[in-house]
Structure formats: C-alpha cells, structure tokens
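In: Take a look and give me a structure for this.
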Amino acid sequence: MSFTEELAEVVDDIFKTQWKTRDGDAVPEAEDVRLGNDAVLLDGTVLYADLADSTKLVNNFPNWYAAEIYKSYLVCACKIIRNNGGEITAFDGDRVMAVYIGNSKNTAAVRSALQLAYVVQDVINPKLEANYQNTNYRVTQSVGIDTSKLFVAKTGIRGANDLVWVGRAANYAAKLATLREPGYSSFVTADVFESMHESVKFGGPHNQLMWESRVWAKINIGLYRSTWRWSPT
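Out: The predicted structure follows:
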C-alpha cells in the first residue's frame, strides 16, 4: 500500500465510523477523549484572548523583548481565567482559549475579559513603560466570547494529538478576538450579553451600561463591545 493509499484509507475510516458521544459535566482533558470518532457534548462559553499587533512586535523588537511581552500577557490572562473558574484549553502563539461551564459561565467569562482589560492598561503597560523607557510599544488586545453547544473530539495521531472544539462558540469567539476597534477590547455575542448577570452589564457610580450594541457586519449578527475595565482585586 502506498502512503497516499494509506491516507485515503484513514480518511475513509473517519467518514464511515459512527460517532460515540456522551454528555459532559466538566471540561474534558485530552486523556478523557479517545482517538477515533469519540466525542463529549457540552454547553459551554468560549473565551479567546488575543494579543494585538504581534507581527509588528516580532518584526521591530528583539526576540527576548517580544517573548517578555508574550509571557506577561499570557500569564496574566491565564491567571485571570482560572481565578474566574475557566479552564484553559489551548494556546496558539499570542492567544489563549478558555472554556467556562455551569450556570454562571457567561458572567465568569465576561468578568475575565473586563479584568484582563484592566490588567493590560493598569498593570502591564505601566510596568512596561517603567522598565523600558526608550521604547514606545504598548500592549493592546482583544477578547472575544460566545456561548453554544460544543462537540469536543480528539484530533491528530497517537503520540501527537489534542482536543478540537467544534461549535459556534469556538468559531465566533476566535473571530471576535481578532477585532481591532480603538478603545474597545471586550466583544461578546448577543447570546452572551442576554445571559450574563447585571453585575457585568452595569458599572460606575451611576450604574451605567458598560456595553454598546452593534451589528457584526461580517456575519450579520448582533454583538456588544466595551471599553470598561474591572480591577481583579
């Protein structure tokens, strides 16, 4: 059998094998899902946090400087996610994906986004400016959040595999995190906004609405964006 024929056989087997699915009540680890057509079904909220302008960063600054920016951003994002009950499910260079489940999943994910906005502006950038006074680079980022049914399967081959998260929330959250709108760093779908608690909708001394409604023209759905920040303390 040629290598091409071997690959064709693998693909044919994937398409013809019936899926075995089960409902999940926790975010699965890779070892919880078998290779082959095995999957876990979840109601989940997905958060993507994405460092902006990373190409400019690596093209214009020393590699060690870029690495420090990456690490500062991702470490803070991960700590905030975990502190709000999220589970980190993937890294992709300068971005991190997390999944929240349970009755407060939307509120917890949105609180994470607002806290990361605070930490970037009020912790990371002041520390960056204090330690590197001769550079004018400042961290900017976007967080995207959506909620939906998720179909969690394992992809890859034995010895080199990971979970794949199939569902609208994973796709939309990843795309929302790529939005670059000056001043705005938190983006959520209408489904998230309608389900999240008022504590992450309103803020300030006059209990103002922290979100602006707009249409996501690319796929013609409603979304909400925010410039607000929430101190983690």
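In: Against residue 227, how distant is residue 182?
Out: With distances defined as Cβ to Cβ, to the nearest Å, the gap from residue 182 to residue 227 amounts to 9 Å. Placement of C-beta: from N, CA and C, glycine included.
In: neighbour-wise, which of those two wins?
Out: With neighbours defined as other Cβ atoms under 10 Å, residue 182 and residue 227 compare such that residue 227 has more, 14 against 7.
In: neighbouring contacts of stretch 181-198?
Out: Residues external to stretch 181-198 that are found in contact with it (Cβ atoms under 8 Å, 6 or more residues apart in numbering): 45, 104, 106-107, 109-110, 113-114, 116-117, 120, 140-148, 172, 176-177, 179, 201, 211, 221-228.
In: how long is it from one end to the other?
Out: The first and last residues of stretch 181-198 sit 24 Å apart, counting by Cα to Cα, to the nearest Å.
In: how about that stretch: buried residues?
Out: When burial is assessed from 16 or more other Cβ atoms under 10 Å, stretch 181-198 yields the following buried residues: 184, 185, 186, 187, 188, 189, 191, 192, 193, 195, 196.
In: got it, and stretch 7-24?
Out: By neighbour count on 16+ other Cβ under 10 Å, the buried set for stretch 7-24 is residue 24.
In: how far does that stretch sit from the chain's center?
Out: 27 Å (Cα atoms, centre = their mean, to the nearest Å).
In: could you give the mean pLDDT of it?
Out: Computed over stretch 7-24, the mean pLDDT rounds to 93.
In: C-terminal to whichever strand in the chain runs longest, what's the next element?
Out: Using DSSP state E to define each element, the chain has its longest strand at strand 141-157. Following strand 141-157 in sequence order, the next helix or strand is strand 160-166 (DSSP states H and E).
In: what's next to that following strand, contact-wise?
Out: Contacting residues not belonging to strand 160-166 are listed as 28, 30, 33, 35, 46, 89-90, 97, 99, 150-156 [Cβ under 8 Å, 6+ apart].
In: The residue nearest to the spatial centre of the chain and residue 84: what is the separation?
Out: Within the chain, one residue has its C-alpha closest to the average C-alpha position: by Cα atoms, centre = their mean, that is residue 48, at 1.3 Å. Applying Cβ to Cβ, the value for residue 48 to residue 84 is 15 Å.
In: Next, the buried residues of the longest strand of the chain.
Out: Of the residues in strand 141-157, those scored as buried under the neighbour-count criterion (16+ other Cβ under 10 Å) are 141-148, 150-154.
In: closest to residue 14 among these?
Out: Within the buried residues of strand 141-157, proximity to residue 14 (Cβ to Cβ) peaks at residue 153, which comes in at 10.5 Å.
In: before we move on, the earlier item: with pLDDT and distance to residue 62 added, can I get the buried residues of strand 141-157 in JSON lines?
Out: Rendered in JSON lines, the data for these read as follows (pLDDT from 0 to 100; distance: Cβ to Cβ, whole Å):
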{"residue": "141", "pLDDT": "97", "distance to residue 62": "21"}
{"residue": "142", "pLDDT": "98", "distance to residue 62": "25"}
{"residue": "143", "pLDDT": "98", "distance to residue 62": "27"}
{"residue": "144", "pLDDT": "98", "distance to residue 62": "30"}
{"residue": "145", "pLDDT": "98", "distance to residue 62": "33"}
{"residue": "146", "pLDDT": "98", "distance to residue 62": "36"}
{"residue": "147", "pLDDT": "98", "distance to residue 62": "40"}
{"residue": "148", "pLDDT": "97", "distance to residue 62": "41"}
{"residue": "150", "pLDDT": "97", "distance to residue 62": "39"}
{"residue": "151", "pLDDT": "96", "distance to residue 62": "42"}
{"residue": "152", "pLDDT": "94", "distance to residue 62": "39"}
{"residue": "153", "pLDDT": "94", "distance to residue 62": "40"}
{"residue": "154", "pLDDT": "91", "distance to residue 62": "38"}
